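*Asks:* Pasting the sequence and the predicted coordinates here, then a few questions.
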Amino acid sequence: MNNTPPNNAVSLRDFLSASTKFAASAAALGTLPVERFVHGASPGDTIKVALVGAGGRGTGAADQAMQSGADVKLVAVADVHQDRMDRSLASLNKHKDQLAVKAENKFLGFDAYKQAIAQADVVILATPPGFRPMMFEEAVRQGKHVFMEKPVAVDGPGIRKVLAAAEEAKKKNLKVAVGLQRHHQPNYQESMKRLHGGEIGDIVSMRCYWNTSPVGPKVTREQAAKLLGRAPTEMEYQLRNWYMFAWLCGDHIVEQHIHNLDVINWVKQSFPVSCSGIGGRAYLSEPDHGEIFDHHTVEYVYADGSRMHSQCRQIPKCKGEVYEAVQGTKGSWIGAQRLRHPRPEAGSDLALSGEGRRGQRRPSARAHPVLRRHPPQQAAQRSRARREEHAHRHHGPHGDLRRPTRDVGSGAELEARPPARAPRVGRRAQAQARSGWAVSVCDSGSHRGALTPSSPARNPNLAPVLGGAGEEQD
């Protein structure tokens, strides 16, 4: 193999970074400082790519890789499902001049990845993550550059195998990229630059969320049987419905919420030292819902004592939010992806505008991290003011609930005059009547609906119900 490039050869970095599609959506071999023709590169100008895992994400990554330039060719594919491989190659056929997968390079089975890796310079690993550690280890052993989807493993042993293989990759000068695409989004890059520059002061607390509807099941047993023409084996079923099984996906806190957790670690430039949390299944209960939880909440502690609260949920018809938030001593930051909030004015230095999740600018407020430069004390003051305003509006200036008393206002006599029609008693009044508590009455007349000499009750019939004090209607 000729390892010496011609004088006019471009670097892999320059070549692939010509297209932001692969950099942003596949998380980007194009952004890596990969030197041309190092360890396993092809002769000439062709970059050979092998796809391991021909599902939706793998097919998309291969498509984006070939969009990077005419000299990127897909030469091998490996999967355990023949129909998935056929469907993937059919969709990639639009790259006719770059789709160079010969019949003998279509590998099927659990060991097929080894044969596909041997054909390429760069390997795309996009199988269910439970298989990622052994496949990454093999790619490094064969001296190949790697793009692998997140997460890189689903458990402790798998993570340790990946870390060991990563050390070997460094020794061999192999380049490895992982599909944590926020690292390649300009808005997040700018945000981190400003956060690490101290723009909101010292980071004291963090939050992150990925609360959406369920992603799975990918395939039901009935659908698998229809596809295969027979009842699937348990292994076949779980491989097709991989998202619902922890040994294959790691649960959605690992498979999906990793994006948010990764951003907070990026903010802190470190990893948590401990955590505690809870999770369970409130919605997922059908036979095809597998074994994963549908909600988790975890508190992570960093070495400096700061804490990050994490939520992820996959339950339908609930509040949806996907974002990260950071509180500093001088202000706060929100890295919004699906959080609905007012968009900052054009040109405002509070708006860190950037590209959307697929590398295309969007008109909504999504994917616009916002720096809010205000001291935490101001936020506390505004919160306290809102509480006081609520108490004044609903409970009078005294702002508390007291036991009913005969003293109404300044000793005024209550005259119960039944109205022409039956009064409408509000829910709050009914609840207070049942509990024997009522709003205390003041002399100022500023509380809407309070019984005072200067402000008679709108509905005097409420007074007997409440034991001598009136209440506004709902």
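*Replies:* Received, thanks.
*Asks:* On the pLDDT front, check S274 for me.
*Replies:* pLDDT for S274: 97.
*Asks:* Which residues are in contact with the residue lying closest to it once chain neighbours are set aside?
*Replies:* Spatial nearest neighbour of S274, excluding adjacent residues (CB to CB, 6 or more residues apart in numbering): V301 at 4.8 Å. Bear in mind the C-beta positions are built from the backbone N, C-alpha and C, glycine included. Each residue near V301 by CB atoms under 8 Å, 6 or more residues apart in numbering is listed here: 272-275, 307.
*Asks:* Can you add distance to I200 and secondary structure and give the residues you listed back as CSV?
*Replies:* Listed next are the contacts of V301 as CSV, based on distance: CB to CB, whole Å; DSSP: H, G, I helix; E, B strand; the rest coil:
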residue, distance to I200, secondary structure
P272, 21, coil
V273, 23, coil
S274, 25, strand
C275, 24, strand
R307, 17, strand
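*Asks:* Can you flag the buried ones in these?
*Replies:* P272 (16 or more other CB atoms under 10 Å).
*Asks:* Now flag whichever of the contacts of V301 is closest to D71.
*Replies:* Nearest to D71 among those: P272, at 42.5 Å, using CB to CB.
*Asks:* is it true that the closest one touches M308?
*Replies:* Yes: at 7.1 Å, P272 counts as touching M308 under the criterion of CB atoms under 8 Å.
*Asks:* which residues are in contact with both of the two?
*Replies:* Taking CB under 8 Å, 6+ apart as the contact rule, the neighbours common to P272 and M308 are 300, 302.
*Asks:* Can you report how many residues lie near A225?
*Replies:* 15 (other CB atoms under 10 Å).
*Asks:* Would you quantify the distance from the residue nearest to S274 to L248?
*Replies:* 29 Å (CB to CB, to the nearest Å).
*Asks:* ok, back up a step: which pair of the contacts of V301 spans the longest distance?
*Replies:* It's V273 and R307 that sit farthest apart of the contacts of V301, by CB to CB, at 11.1 Å.
*Asks:* give the contact list for the residue nearest to L92 when sequence neighbours are not counted.
*Replies:* Spatial nearest neighbour of L92, chain neighbours left out: L99 (5.5 Å); criterion: CB to CB, 6+ apart. Applying CB under 8 Å, 6+ apart to L99 gives the contacts 66, 73-74, 89, 92-93.
*Asks:* okay, the residues you listed in a markdown table with pLDDT next?
*Replies:* Converted to a markdown table, these look like this (pLDDT from 0 to 100):
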| residue | pLDDT |
| --- | --- |
| M66 | 96 |
| K73 | 97 |
| L74 | 98 |
| L89 | 97 |
| L92 | 97 |
| N93 | 95 |
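*Asks:* Could you export those residues to a markdown table, including columns for neighbour count?
*Replies:* Listed next are these as a markdown table, based on neighbours: other CB atoms under 10 Å:
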| residue | neighbour count |
| --- | --- |
| M66 | 23 |
| K73 | 20 |
| L74 | 24 |
| L89 | 18 |
| L92 | 21 |
| N93 | 9 |
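*Asks:* Give me the subset of those lying in helices.
*Replies:* Under the assignment DSSP state H, the contacts of L99 contribute 66, 89 to helices.
*Asks:* Kindly indicate which of the contacts of L99 lies nearest H183.
*Replies:* Taking CB to CB as the measure, H183 lies nearest M66 of the contacts of L99, at 22.5 Å.
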